[in-house]
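Predicted structure and sequence below. I'll ask about it afterward.
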Amino acid sequence: MIDDQQTKNFECDLIAQDYLGDEPALVSSLDFGPLVAQGCGPGPSVLIGDQSEISLLNSVTAARLDHRMALLARSGDIVLVRHREAGFEAYLADCLGFHDVTFMQVDSDPLRPVAQQARLSQPMLDALAQTARERGGLTLKAYLTTGNVWRLAQAIGDVSGVRIHVCGPSPRITLRANDKLWFNQLAQKVIGTNATPPTLAAYGPAAAAGLARRIGRAAGQVIIKVPDSAGSVGNIRLEGALLRAMPLQDLRQLLLDQLHRMGWRDCYPILVGVWDENVSHSPSVQLWIPHRSNSAPQVEGIFEQRVRGETAAFIGAARSELPASLKEQLGIEARAIARVLQNLGYFGCCSLDAVICKASPRVDVIHWIECNGRWGGVSIPMLVASRLRPGNGLPAIAIVQEVRRGDMLRTQDFRRLLADLLLPHGNNGEGLVILSPSEHQRGASVNLLAVAVTQRGADDLLAQAMQRLAVAHTGRG
């Protein structure tokens, strides 16, 4: 077994060398001068939950999901947000003990990422630099570690004269890891040609229609994806029978219309592939990838994603109850993929999504779907849960993330309706955590974490909460 592992590690290292030979900037893009370093350093953290740099997610700020990163804060940390939410900040202080956390609001320019706005605001830059000088440094921890985050670190370092750390991957590997087409090729190189569903790249609308028709001749369903988007936002799922019957010109126009409706701006390539059938599970492997000089990638948990609708939109998760042998295989393959990412400049939180297909009643096939090279809807609550129950290992958790249309429910309303279920500061028992503000322009953003000793206990807590919120929501006139 040890020899097998050493052989696999050697193969992964060779794959990484090939990538670096073709694209040296995967690692060289880490160079932002002597006052910027990758990793976690002294001083407080600056947490940035902005999602606007993900393709098609420009409007996600309305859901206030960028506030989730605040739950990773420790005493003395700073949270940069596009909009402050007084009700949510009060909840964090009253129920979870977040009294010594500073929230800083940028200028709310919807066209500029939060990190860029902070860098271009001299008062904010000066305040961050002063904190760095007083505390001996800062560490930037972003939901998505982009070039804007690294440039903010560089600007703070230049003003303060103090070394600033970035807890995240290089800008170039962030782009590549979050590209579904790039990840598809990586998974096949590491695991084998059957590691993913059949997937192709289309470099124009006519090519997309032609490939979809070709795949649809044999597949029951075809998926079209904007490869650098997230959360199923850029997905179009089509029946093979429809594709076989529709004229190519009509199919081309259908794809363009639906993609443009999502906010897509004619950026190619786009992904065209088989939508797997006979899917029994949708696991997500949560990873921590340390510096390659430190240790190997670590699997921190395997979760079952809960999805809804034709595009399999993420609406929550719970710890996976797959057989031990299947979880072991998922872990082996995920660590191999992560080893290549590690050698290409990846550092930090990462998750790999897969589906389990039933090839026969006794044969399970793992298909890797995408890499989430960022923090996310599972990794953040997973760390929150482990902090709330220190020393007890990873507790059972259940997560829900969805928007309920209708009248708005404020964070204060959530606190009132769920008061006896909420996990208070200092309680080592079971309960709920509100992960983000509930105010939403279309109704209520429900983003809850249930923590319990058993999975059934976590699921029951979440079911009680959802029932109460449903009653309150429909009871408003």
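Looks like it arrived, so ask away.

what stretches of the stretch 201-350 of the chain score poorly on pLDDT?
For the stretch 201-350 of the chain, applying pLDDT under 70 flags the ranges 307-315.

State the mean pLDDT of stretch 397-414.
Average pLDDT, stretch 397-414: 84.

again, but for stretch 53-66
68.

Distance across it, terminal residue to terminal residue?
For stretch 53-66, the first and last residues are 12 Å from each other (CA to CA, to the nearest Å).

Residue 455 - how many residues pack around it?
Per other CB atoms under 10 Å, the neighbour tally for residue 455 reads 18. For the C-beta atoms, the positions are set from N, CA and C on the backbone; glycine is no exception.

Correction: the previous question concerned residue 248.
With other CB under 10 Å as criterion, residue 248 counts 13.

Am I right that it is in contact with residue 211?
No: applying CB atoms under 8 Å, one finds residue 248 not in contact with residue 211, separated by 10.9 Å.

so residue 108 is in which element?
Counting by DSSP states H and E, there is no helix or strand that carries residue 108.

oh sorry, the question was meant for residue 261
Applying DSSP H and E as the criterion places residue 261 in helix 248-262.

After that helix, which helix or strand is next?
Past helix 248-262, the next helix or strand by DSSP H and E is strand 270-274.

Okay, now the sheet partners of that following strand, with direction.
strand 199-202 (antiparallel), strand 221-225 (antiparallel) (DSSP bridges).

Which one of these lies nearest to residue 111?
For these, proximity to residue 111 was assessed by CB to CB; strand 221-225 is nearest, at 25.1 Å.

just the strands paired with strand 270-274: most buried one?
Mean neighbours per residue, mean count of other CB atoms under 10 Å, is largest over the strands paired with strand 270-274 for strand 221-225, with a mean of 22.

rewinding a little: go through the strands paired with strand 270-274 and name the closest to residue 237.
With CB to CB, the closest approach to residue 237 among those belongs to strand 221-225: 5.4 Å.

Show me what whichever helix or strand comes after the closest one packs onto, helices and strands only.
The helix or strand immediately downstream of strand 221-225 is strand 235-239, counting by DSSP H and E. Packing contacts for strand 235-239, counted by 3 or more CB pairs under 8 Å, 6 or more residues apart in numbering; DSSP states H and E, involve helix 205-216, strand 221-225, helix 248-262.

before we move on, the earlier item: present the strands paired with strand 270-274 as a markdown table; the columns should include distance to residue 74.
Output for these, formatted as a markdown table (distance: least, CB to CB, whole Å):
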| stretch | distance to residue 74 |
| --- | --- |
| strand 199-202 | 41 |
| strand 221-225 | 37 |
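
quick revisit: how about JSON lines for the helices and strands packed on strand 235-239, with distance to residue 116 added?
Putting the helices and strands packed on strand 235-239 into JSON lines (distance: least, CB to CB, whole Å) gives the following:
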{"stretch": "helix 205-216", "distance to residue 116": "32"}
{"stretch": "strand 221-225", "distance to residue 116": "27"}
{"stretch": "helix 248-262", "distance to residue 116": "24"}
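
Show me what the longest strand along the chain is packed up against.
Using DSSP state E, we find that the single longest strand of the chain is strand 348-360. Under the contact definition 3+ CB pairs under 8 Å, 6+ apart, strand 348-360 sits against strand 279-281, strand 283-289, helix 324-343, strand 363-372.

ok, now which ones touch the spatially most central residue of the chain?
Of all residues in the chain, the one closest to the mean position by CA atoms, centre = their mean is residue 376, 3.1 Å from it. Counting by CB atoms under 8 Å, 6 or more residues apart in numbering, residue 376 touches 143, 349, 351.

quick one: low-confidence parts of the stretch 51-200 of the chain?
For the stretch 51-200 of the chain, applying pLDDT under 70 flags the ranges 58-64.

can you give me the helices in it?
Along the stretch 51-200 of the chain, counting by DSSP state H, counting those that start in this stretch, helices occupy 86-96, 114-120, 122-135, 147-160, 171-177, 180-191.

how about these in CSV, adding distance to residue 8 and mean neighbour count?
As requested, these are exported to CSV (distance: least, CB to CB, whole Å; neighbours: other CB atoms under 10 Å):
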stretch, distance to residue 8, mean neighbour count
helix 86-96, 42, 18
helix 114-120, 37, 23
helix 122-135, 42, 16
helix 147-160, 32, 23
helix 171-177, 20, 22
helix 180-191, 9, 21
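
Dump those helices into a markdown table; add distance to residue 380 as well.
Converted to a markdown table, these look like this (distance: least, CB to CB, whole Å):
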| stretch | distance to residue 380 |
| --- | --- |
| helix 86-96 | 14 |
| helix 114-120 | 17 |
| helix 122-135 | 23 |
| helix 147-160 | 17 |
| helix 171-177 | 17 |
| helix 180-191 | 21 |
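
Of those, which is nearest residue 306?
helix 180-191 (20.5 Å).

how far does that closest one sit from the chain's center?
With CA atoms, centre = their mean, to the nearest Å as the basis, helix 180-191 stands 18 Å off its chain's centre.

From the contact counts, what lies against it?
Using 3+ CB pairs under 8 Å, 6+ apart, helix 180-191 sits against helix 2-22, helix 171-177, strand 199-202, strand 270-274, helix 324-343, strand 363-372.

now with 10 Å?
Applying 3 or more CB pairs under 10 Å, 6 or more residues apart in numbering; DSSP states H and E, we find helix 180-191 packed against helix 2-22, helix 171-177, strand 199-202, strand 270-274, helix 324-343, strand 348-360, strand 363-372.

CA atoms only for the fifth one - export them in PDB, please.
By that I understand helix 324-343. Extracted C-alpha coordinates of helix 324-343, given in PDB (Å, rounded to 0.1, in the frame of the first residue of the first chain):
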ATOM      1  CA  ALA A 324     -17.000   3.300   4.300                       C
ATOM      2  CA  SER A 325     -15.300   1.700   1.200                       C
ATOM      3  CA  LEU A 326     -16.800   4.400  -1.100                       C
ATOM      4  CA  LYS A 327     -15.800   7.200   1.200                       C
ATOM      5  CA  GLU A 328     -12.300   5.800   1.400                       C
ATOM      6  CA  GLN A 329     -12.100   5.800  -2.400                       C
ATOM      7  CA  LEU A 330     -13.500   9.400  -2.600                       C
ATOM      8  CA  GLY A 331     -10.800  10.400  -0.200                       C
ATOM      9  CA  ILE A 332      -8.000   8.700  -2.100                       C
ATOM     10  CA  GLU A 333      -9.000  10.300  -5.400                       C
ATOM     11  CA  ALA A 334      -9.600  13.700  -3.900                       C
ATOM     12  CA  ARG A 335      -6.200  13.800  -2.200                       C
ATOM     13  CA  ALA A 336      -4.500  12.800  -5.400                       C
ATOM     14  CA  ILE A 337      -6.200  15.700  -7.300                       C
ATOM     15  CA  ALA A 338      -5.400  18.000  -4.400                       C
ATOM     16  CA  ARG A 339      -1.700  17.000  -4.500                       C
ATOM     17  CA  VAL A 340      -1.400  18.300  -8.000                       C
ATOM     18  CA  LEU A 341      -3.300  21.600  -7.000                       C
ATOM     19  CA  GLN A 342      -0.900  21.900  -4.100                       C
ATOM     20  CA  ASN A 343       2.200  21.700  -6.400                       C
END
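
Name the spans of the stretch 351-477 of the chain whose pLDDT lies under the cut-off.
Along the stretch 351-477 of the chain, the model assigns pLDDT under 70 to residues 390-394, 406, 426-428, 473-477.

just the helices in it please.
Along the stretch 351-477 of the chain, the stretches classed as helices by DSSP H, counting those that start in this stretch are 379-388, 411-417, 455-474.
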